[in-house]
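>>> Pasting a predicted model and its sequence here:
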Amino acid sequence: MKLEADLHTHTVASGHAYSTLKEMVEAARRKGLKMLGITDHGLRMPGSPHYLYFANMIVWPRIMQGVEVLRGVEANILDTTGKLDVPEEVLAQLDLVLAGFHSGTGYEGTTVEDNTRAMIAAIKNPYVHIIVHPGNPQYPVDMEKVVLAAKAFGKALEINRTPFLCARAAHRAVIISPNWLKSTGLWLQSTAMRIFIAVLGIVMRRFRSSPRWALKRAVFSTARQIGCENSSPVTGKPMKFKQKQICKKLPWAPPVRQLMQIIEAKQFRIVFQPVVKLPEGEIYGYEALVRLPEGSCFTPPLQLFNFAAEAGLLYPLERVTREEALRHLGLFSLKHKLFLNINPQIINDPRFIPGQTARFVRQYNLTPENIVFEITEGMAIKDFPAFRKTLDHYRSQGYLIAIDDFGAGYSNLRAVAELQPDFIKLDMPLVHGVHKTTALQALMETLRTFACKTHSQLIAEGIENEAELMKLVQLGITFGQGYLLAQPAFPPPMLDRKAAEVLQHAVCDAL
């Protein structure tokens, strides 16, 4: 079997290893590895590096000498609550977090129950990806409970020589097969991994005089060999998207890898479409939209975000696109509103850090009053009280809230009632044909009355012909957006001249 990755390695920074980062990468390249996880010991291990060493890993190149490098740590479990010795703000920015018991780090659990409780608590930590040497006889645990917890929370258990140290006298073969791993669901995973690695087998006849003999029998294989290439790199759950469906043009590149390249190399561009104040015929703001290079696997762009949600990478994708949108608008317009699409799922992402948007806003000379968060109505909101609390926090700073795609389904009316948005963006099916459908006109009038009573403004999306625009003005709809008014572009476009003339006539006719 071919060794694809080594995810548990230490550099000289750990204090008891003897190779530099450069030397480690060079050795990985010579061995033909595709991926190398650098997981130096956490802060409590004697001789370990300062926490700034881990915090500064963000400057490491992702690819070194053709080897993909994961920035990681082997954190120490400190007590029965599963507390780790690395600050959460540092863990949040790492690709790979290992956790385990180590002597000399302050852990004082003495019983199987204490050790099991501490290890399961670490398994529940959203930043932890792998539990290291769980079979260490120095810290015995209830392995059945640990395995069930790892399966439930989608975490990996490292298999190495320590679980077998106490079995030397048995002189029996211990076999862990791929089928057993698959049945438990213990897939090795990490946030930034492009491929899945699974322990294919550890075969031991006897340790004899050297335990290293056993280590040489440890072999790894890509998940393709055991049939889970369509699993999420974060959740480990089966993904609805198939590689052949997503990447027909690039069958050699797994879609998750393409997604990571898009995020890390910012292989996208931001365009802006005006939101127009119809009575005045003036641009009120711009919605930021993502466009991908020609030939991309993900077409249309909505497929990119849907796939990112499946892969557990929605938050990093939204974060980088949001920052680019703020940066670009800050270069061209400081007075217009910027409508930013936000998926409710990211609020629950363990990597979500409140305050990042505010930092970007200040950095690009904007203010919170410039920003309108568009809540994607196409995704169900599972916890309205918690989500509303988050939105209230942003509102208190001056941000505005919009419900996007109103009428697309899910929790339409409840989302509006619970979140009390400043804007309600009407989905295109409610707008198309409004000039010739009495029922749509009646619905539009009802929605206008509802918006007035709830202190919201209506934005009609997808306006594509002059008749629709004229009727919307007659119905008293305040804001509009669509290809008739202006197509998405960069730099932010002006209102189409012909559409401006139509608006003038429509406003005059309505008076």
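Looks like it came in fine.
>>> Now the helix or strand hosting residue 508: buried residues?
Taking DSSP states H and E as the criterion, residue 508 maps to helix 497-510. By 16 or more other CB atoms under 10 Å, the buried positions in helix 497-510 come out as 499, 502, 503, 506, 507. Yep, even glycine has a C-beta here, placed from its N, CA and C like the rest.
>>> Break the chain into its domains for me.
Per automatic domain parsing, the structural domains of the chain span 5-226, 243-510.
>>> mean pLDDT for the ones you listed: which is lowest?
Among the domains of the chain, domain 5-226 has the lowest mean pLDDT, at a mean of 74.
>>> Please report how far residue 295 lies from residue 156.
Distance of residue 295 to residue 156, given as CB to CB, to the nearest Å: 35 Å.
>>> Likewise for residue 73?
15 Å.
>>> So if I had to pick from residue 295 and residue 156, which one is more boxed in?
Shown here are residue 295 and residue 156; by other CB atoms under 10 Å, residue 156 has more neighbours (25 against 8).
>>> Quick check on the more buried one: phi, psi?
Taking degrees, to the nearest 10, you get phi -100, psi 150 for the backbone angles of residue 156.
>>> Look up how far residue 134 lies from it.
10 Å.
>>> One more: residue 48?
21 Å.
>>> Same check on residue 326?
On the measure of CB to CB, residue 326 and residue 134 end up 44 Å apart.
>>> Residue 407 now?
For residue 407, the distance to residue 134 - CB to CB - is 50 Å.
>>> Shouldn't residue 401 be within a helix?
No - residue state for residue 401 (DSSP: H, G, I helix; E, B strand; the rest coil) corresponds to strand; a helix is not indicated.
>>> Please, where are all the strands along the stretch 201-350 of the chain?
Using DSSP state E, counting those that start in this stretch, the strands of the stretch 201-350 of the chain run over residues 203-204, 219-222, 269-277, 282-291, 337-342.
>>> Other residues contacting the longest one?
Right, strand 282-291. 268-277, 301, 304-305, 321-322, 325, 328-329, 333, 336-341, 372, 374, 479, 481, 488, 492, 494-495 (CB atoms under 8 Å, 6 or more residues apart in numbering).
>>> and that strand, which strands flank it?
If you go by DSSP bridges, strand 282-291 pairs up with strand 269-277 (antiparallel), strand 337-342 (parallel).
>>> Just tell me which of those ends up closest to residue 111.
Residue 111 lies closest to strand 337-342 among those, at 46.3 Å (CB to CB).
>>> buried stuff in the next helix or strand after the closest one?
Of the helices and strands lying after strand 337-342 in sequence (DSSP H and E), the nearest is helix 356-363. Residues of helix 356-363 classed as buried: 357, 358, 360, 361 (neighbour count, 16+ other CB under 10 Å).
>>> Show me which of those residues is closest to residue 385.
Using CB to CB, the buried residues of helix 356-363 come closest to residue 385 at residue 357, 21.6 Å.
>>> Go ahead and confirm that closest one touches residue 322.
Yes - with contact defined as CB atoms under 8 Å, residue 357 counts as touching residue 322 (6.7 Å).
>>> What ranges does the stretch 51-200 of the chain have for its helices?
Under the criterion DSSP state H, counting those that start in this stretch, the stretch 51-200 of the chain carries helices at the ranges 51-55, 88-91, 112-124, 143-152, 178-184.
>>> And for the top helix by length along the chain, what's in contact with it?
Scanning the chain for the helix with the most residues, using DSSP state H, yields helix 314-332. With CB under 8 Å, 6+ apart as the test, helix 314-332 has contacts from 259, 262-263, 266, 268, 270, 272, 286, 288, 290, 304-305, 308, 336, 338, 340-343, 345-346, 349, 351-352, 356-357, 360-361, 363-366, 370, 490-492.
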